[in-house]
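Engineer: would you be able to build a 3D model of this:
(2 chains)
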Amino acid sequence: MVVGFLLLLLMPSSRSATSISVVDGNVVVGEMGEMLQLRKRGRRRRGHVSLLTCVVGFLFLCQVSRLAAAAVLHRHQRISGSAGDVLEDNPVGRLKVFVYELPSKYNKDWLEKDPRCLTHMFAAEEFVHDFLLTSPVRTHNPKEADWFYTPVYTTCDLMPNGLPLPFKSPRIMRSVISYISTHWPYWNRTEGADHFFVVPHDFGACFHYQEEKAIERGVLPLLKHATLVQTFGQNHHVCLKEGSIVVPPYAPPEKMQSRFIPPSTPRSIFVYFRGLFYDVGNDPEGGYYARGARAAVWENFKDNPLFDISTQHPSTYYEDMQRAIYCLCPLGWAPWSPRLVEGVIFGCIPVIIADDIVLPFADAIPWEKIGVFVAEKDVPNLDKILSSISPEQVLEKQRLLANPAMKQAMLFSQPALPGDAFHQILNGLARKLPHDPHIYLEPGQMVLNWTEGPVGDLKPW
Amino acid sequence: MKKAAGSHRPSRMRSKNRSGFSSDQTSDTAFRSTSISFFRIFIQCMFCIGTLVVGFRFTREAHFLRASFHHPEDSFSRRTGARMGSLVSIGNRSDLDLRIQEEIANDSEAFRLENSETIIRSRVRVDVGRHAILIRPWPHPDPFEVIQAHHLIARVQMEQWQLYGSKESKPIIAITTTFVRSFQAVHLTGLLHTLSLVPVHVTWIVMEAGGVTNETAYFLSKARVHRLLHLGFGDAMPAGLKERGQLEAHMRVEGLRYVREEKMEGIVVFADESNLHSLEFFTEAQKVDWVGAVSIGLLGFAGFEEPAQSRIADVHQEEVGAGRRDNLFARPTFEPQVQGPSCDSKGNLVGWHIFDPLPLEEEVYTGIMLAQNRRLEWPNFVLNARAVWKTEGNQPEWIKSWDEWVTPKDGSAPDIKAILRDDKQVKVLGDCGRKVLLWWLRAEARADSRHPANWVLDENLEIIVPAKSTPWPDRPVRVPSPPPPPAAATVGTGSKRGAGSRVSGGKGRRSKRRQSRPNIS
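Structural biologist: Have a look, this model is predicted:
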C-alpha cells in the first residue's frame, strides 16, 4: 500500500509523455499530438494538485490503519520483554538440534512402567522429546548441529501416590552422560557446553525435593557446563544455574481449553486461591511449608469476603478462575506452581508471592507488567496492595493476558503450535547462539571431575 | 523447637530447684514449729510450679535471642545441621515406605562425609528453615479497602461489558403485578434489585391491586430503573389462588394497554414479583423478534411435601420385597419441574412442557399454590412491544390483533398464549428451552397474616395480635400480678414510651408469652 502510494507520488512529477497518470484517470494514447501538448501543460499543474492529494490520501490512510489497529489492540496488547518482541519468533532455520539415540532404559521403559508420567506436571521432558523427534529443527547429522539433546526421563520414577522420587536421578544422569561420552565424541569436545537437558523436577538438577538437601547437593557436577531447561527458577540459588532456560510446568492444554466460559461472564471474585495453607503431613506446626507465606495468607484473610480462598478443590475450579480478577500463586515447597499457567490461560492476574523467583521465559515475557509481585513479608498487607492498584493498571494487565501469544507461550500444546512453549524453548536456545569459541576444548583436555559429588551418586545405574 | 525446649527444661528446673531449695532453708530457720514440714512442702510445690512457668519462658526467650543473631549461612554448619536434620526427619513425607527409608540412609551417609566441613555457599541467599507466620494485629477487612476493591470490580465488569457484551440494547419493559401483603417485601425487593442491575434501559410498570398504596411506593422508591410507572388497579386481590390468577391476567392486560397507548418501544417482559430472574434472561430477551418463550423452573410445592413422599414410599414398599427393608427409607428423588417450550433435536418448537403437580393426600395449608389451570404462565412469554400496538398492519399475520385476544369469548381471563395464531413462529430462548433462565418461587404467606408497615418496628409492640398458626396459646396466660400503676391506663391509647408502664421492661422483650400486662385484642 505504501509502495503504491510512493509510486503514485512519483508518477505526476515524471513528466513523461506517455505516462499513465492513474490519479487523473486519463490514459494518454499517443495519437493526437496537440492533445498531447495540451495535456502535458495541464498535467504539470494537475501534477502539483495530484501530488498534494496523494500526500493527503496517504496520511489519511495511515490514520485509518492506525485506528483500525488500535481497535484491534483494544482487546489485547503486544508483549515484548527484555529480549524484545520475541514471543512470536520462529526458531526454524535459526538452530539445529541433534537428538541422541539412547537405549530405551533411559526413556521408553520408564513410560511403559508408569504412564502417569505423561499427565503429571513434570511431563515436559517427555513432550519435549516427542516434539524434537518430529520438529524441523532436528538434524540427523551431528556435525552441523548447534545443540545436542539427551532424551532421558529422570522424573519418571514415581511413588504410588504419583510424586517423583529423585534418588536415582543423579545416577541415571551420570550413566547417560557416560553413555553419550563413550559413543559419540561431542560430549568430550565441549564437556557438555552445547548440550541441553530437560530437568523439570522441584529443584531442577539438584535432584531433591527438600530445599536444604537440594542446596547441599547443588547442581549435578557433570552438568556444570550444560544448559538446563527446568521449571525451578530462583535468583541467588544454587539450583538455578546461570544460563538456564526456565519453562512453565506442564499443564494439560486440552483439559483447560475445553473449560472456557463466555468472556462476557462478569468477573466478580476479587482474589481466588485453592490449595493447601498448612501441609499437615510434612510440616504439622507450620513455618516450613511455603516459608510461612501460605499460612500467613490464611490467617490474615480467612474472614475477608473479598478473598475466596480455601483448601477445597471444587469441580468448577477452572470456571471460577475465569470469574476472578486476581489469582494467588504463592510458593509451596518449591517456588514455582502450575497456578501461574492456569492464571495466564484463564485471564486471571497472577499474584506471585515468592521472593526472588524467576518466572518462565523471563527474557521474552515482561512479567512485572503482567503479574503482581508481593514480597513474602508483605503478605499481611495483601488486601491493601491489591485494592490500591489503579483500575487502568488492572485493565492493562488483563489486556496483556488476553494476548493469544501469551497464552500459547505457556502451553505444551499437542500437536505443537507456533509460539507455544516448545518454540519458546527453541527460541531461548537460539538466542544463546553462536557458541563461544572457547567452549571447544583441546582433545584430551578434561575440565569436569567425574568423581565429584556424593558417594551414593557414583554407583553405576 | 519443642524437643529443644524440652531438653533444656529439666536442666533449668534442676538449677532453679537448687536455688529454691537454698532460699527455702534460709526461710526455714525463721519458723520453728511442727508445721514446718507442711509449710516447706507447700513452698517447694509453689517454687516447682513457678520454675516450670518461668523456665519455659526463659528457654523460649533464649531461643528467640539466638535465632535473631543467626545468619542464614550458619544454618548449614554442622551443629545446627544435625539438629535441622533431626527436625526435618520428623517432617518427612508420611507416605514414604521402607524402600525410601533406606535410600535416605544412603543419602545421609553421604552427607555426613560432606558435612565434615562447614558448607557455606556465598551464593545462597535463601532462608531455609522455619519462618514466622506473619499475622497483622488486626487481621480483618478494612472497609475503605473493601470499597476500593468493589470499585475495581465494577470497572473491570464495565470493561468486560464493553468488550464482550451484547451489542444489542433494546429497552426492556417489565410488567409486574403486586399487592400489599406480608411477603411483598420479600418478593419485591428481589425483583427491584434485579431490575436495577439490568444493563439496558428499563421501564418498570407496576400494577397494584387495590390502588396505589404508600407501602408499595416506599419499596419502589429504591428502584434504580430508568422509568417507573406505579399504577393502581381498582379491585383488591382476592384470597383464592384461581381468582388471583384471573385478576393478575386482567392487570397485565391493563399494563399492556398502557404500552399500547404510549407506543413504547422495547421488549415486554412479564416480571412477576415471585420470580427470580437471572441477568442472562434479559440478555436472551434481546433476541426476540416478535414473541419469545422461555423455560421457568418451579421451586416449592412441586411434589416435595410429606404426603407426596409417603405416597411414593408406599409405592416403593409394594415393589420392594420384604427382604430389602433399607430401600424403604431411601429418599425418592424428584426431578426439578420446568415449565416452558420443548424442542426437538433440530431446534424447532414441538410442544410445551406444563407443570403437572404430584397428587397430594390432603392440603398442607390453605395457602398452597397448585397450578390448577395447567396452562402456561404469562412469564413464559416475552413480547416485542410492537405486537400490541395499534398499527395492526405492521404485525405478522400469526399475531392476533389486540381486540381478538384481550377479551376471550367465553368470559375467562385473558391468556397471553392466545395472542398466537401459530405456535411454530415463537422464538425459543435459552438454548431452545434447555436453559432455565428464571424460577418461580411458589411461596406465599397466609392471606390473613399480619406484618408491620414497611417491616419497620419503630414503636414498641403495644398491641399484640396473635397469629393463628403459632404454637403459642391464643389466650394469654394470666399471671396474678400487682395492680398496675396509674400510668398504665394510657397504654391502650398507644402512647409510645410511657414511663413505668412496661412491666416486662424495655424494647428487648417482645415475647408474646408473658402477658403480664393487659392484653388488648
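Engineer: got any ranges where chain B has weak pLDDT?
Structural biologist: In the predicted model, chain B carries pLDDT under 70 at residues B:1-34, B:58-126, B:300-336, B:355-374, B:392-393, B:447, B:466-521.
Engineer: helices or strands up against the helix or strand encompassing A:V351?
Structural biologist: Assignment of secondary structure by DSSP states H and E places A:V351 within strand A:349-353. Helices and strands touching strand A:349-353, by 3 or more CB pairs under 8 Å, 6 or more residues apart in numbering or on different chains; DSSP states H and E, are strand A:324-330, helix A:339-345, helix A:367-370, strand A:372-373, helix A:382-387, helix A:391-402. Placement of C-beta: from N, CA and C, glycine included.
Engineer: what number of residues lie near the residue of the stretch 51-200 of chain A found nearest chain B?
Structural biologist: Nearest residue of the stretch 51-200 of chain A to chain B (CB to the nearest CB) works out as A:F167 at 4.5 Å. Using other CB atoms under 10 Å in any protein chain shown, the number of residues around A:F167 comes to 20.
Engineer: identify each buried residue in stretch A:396-408, please.
Structural biologist: By neighbour count on 16 or more other CB atoms under 10 Å in any protein chain shown, the buried set for stretch A:396-408 is A:K397, A:Q398, A:R399, A:L400, A:L401, A:N403, A:A405, A:M406, A:K407, A:Q408.
Engineer: what ranges do the helices span in the stretch 101-250 of chain A?
Structural biologist: A:108-113, A:124-133, A:169-183, A:186-190, A:211-217 (DSSP state H, counting those that start in this stretch).
Engineer: which of those sits most buried?
Structural biologist: Across these, averaging neighbours per residue (mean count of other CB atoms under 10 Å in any protein chain shown) puts helix A:211-217 on top, at a mean of 22.
Engineer: state the mean pLDDT of that helix.
Structural biologist: The average pLDDT within helix A:211-217 is 88.
Engineer: can you show me the strands along the stretch 1-150 of chain A?
Structural biologist: For the stretch 1-150 of chain A, applying DSSP state E, counting those that start in this stretch gives strands covering A:97-99, A:147-149.
Engineer: for A:I180, see how far away A:L458 is.
Structural biologist: Note on A:L458: its distance to A:I180, by CB to CB, to the nearest Å, is 18 Å.
Engineer: before we move on, what about A:L340?
Structural biologist: Distance, A:L340 to A:I180, by CB to CB: 33 Å.
Engineer: for A:C206, same thing?
Structural biologist: Counting by CB to CB, the separation of A:C206 from A:I180 is 22 Å.
Engineer: again, but for B:R244
Structural biologist: Between B:R244 and A:I180 the distance, using CB to CB, works out to 86 Å.
Engineer: can you check A:M410 too?
Structural biologist: In this view, A:M410 and A:I180 are 31 Å apart by CB to CB.
Engineer: ok, A:G233 next?
Structural biologist: Distance, A:G233 to A:I180, by CB to CB: 26 Å.
Engineer: now do A:G347
Structural biologist: Remark: distance between A:G347 and A:I180 (CB to CB) = 43 Å.
Engineer: residues of the stretch 301-450 of chain A that sit close to chain B?
Structural biologist: Residues of the stretch 301-450 of chain A lying close to chain B by CB under 8 Å from any CB of the partner chain are A:301, A:303-306, A:325, A:356, A:376-377, A:379-381, A:383-384, A:386-389, A:391, A:394-395, A:398.
Engineer: now the buried members of those.
Structural biologist: Buried members of those, scored by 16+ other CB under 10 Å, are A:301, A:304, A:306, A:325, A:376, A:379-381, A:383, A:386-387, A:389, A:391, A:394-395, A:398.
Engineer: how many residues are close by B:D403?
Structural biologist: 8.
Engineer: check which helix or strand it maps to.
Structural biologist: Taking DSSP H and E as the definition, one finds B:D403 inside helix B:402-406.
Engineer: just the residues contacting that helix, thanks.
Structural biologist: B:V253, B:L256, B:R260, B:V388, B:K390, B:E392, B:P414, B:A418, B:I419 (CB atoms under 8 Å, 6 or more residues apart in numbering or on different chains).
Engineer: and the residue lying closest to the third one once chain neighbours are set aside, how many neighbours does it have?
Structural biologist: Just to be clear, that refers to B:R260. The shortest distance from B:R260 to any non-neighbouring residue, by CB to CB, 6 or more residues apart in numbering or on different chains, is to B:V388 (4.7 Å). Counted with other CB under 10 Å, the neighbours of B:V388 add up to 24.
Engineer: list the residues that contact B:V388.
Structural biologist: Neighbouring residues of B:V388 by CB under 8 Å, 6+ apart: B:L256, B:V259, B:R260, B:V268, B:W402.
Engineer: same deal with A:P460?
Structural biologist: For A:P460, the contact set (CB under 8 Å, 6+ apart) comprises A:R171, A:R174, A:S175.
Engineer: the same query, at a cut-off of 10 Å, please.
Structural biologist: Under the criterion of CB atoms under 10 Å, 6 or more residues apart in numbering or on different chains, the neighbours of A:P460 are A:R171, A:R174, A:S175, A:S178.
Engineer: make CSV from the residues you listed and add distance to chain B to it.
Structural biologist: CSV is the format used below for the contacts of A:P460 (distance: CB to the nearest CB, whole Å):
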residue, distance to chain B
A:R171, 11
A:R174, 14
A:S175, 17
A:S178, 20
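Engineer: hang on, the earlier thing: redo the strands of the stretch 1-150 of chain A as JSON lines? Include distance to A:T155, mean pLDDT and mean neighbour count.
Structural biologist: Formatted as JSON lines, the strands of the stretch 1-150 of chain A follow (distance: least, CB to CB, whole Å; pLDDT from 0 to 100; neighbours: other CB atoms under 10 Å in any protein chain shown):
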{"stretch": "strand A:97-99", "distance to A:T155": "19", "mean pLDDT": "94", "mean neighbour count": "20"}
{"stretch": "strand A:147-149", "distance to A:T155": "16", "mean pLDDT": "93", "mean neighbour count": "22"}
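Engineer: measure the spatially closest residue to B:V212 that is not a sequence neighbour to chain A for me?
Structural biologist: Nearest residue to B:V212, sequence neighbours excluded (CB to CB, 6+ apart): B:G232, at 4.0 Å. Distance, B:G232 to chain A, using CB to the nearest CB, to the nearest Å: 37 Å.
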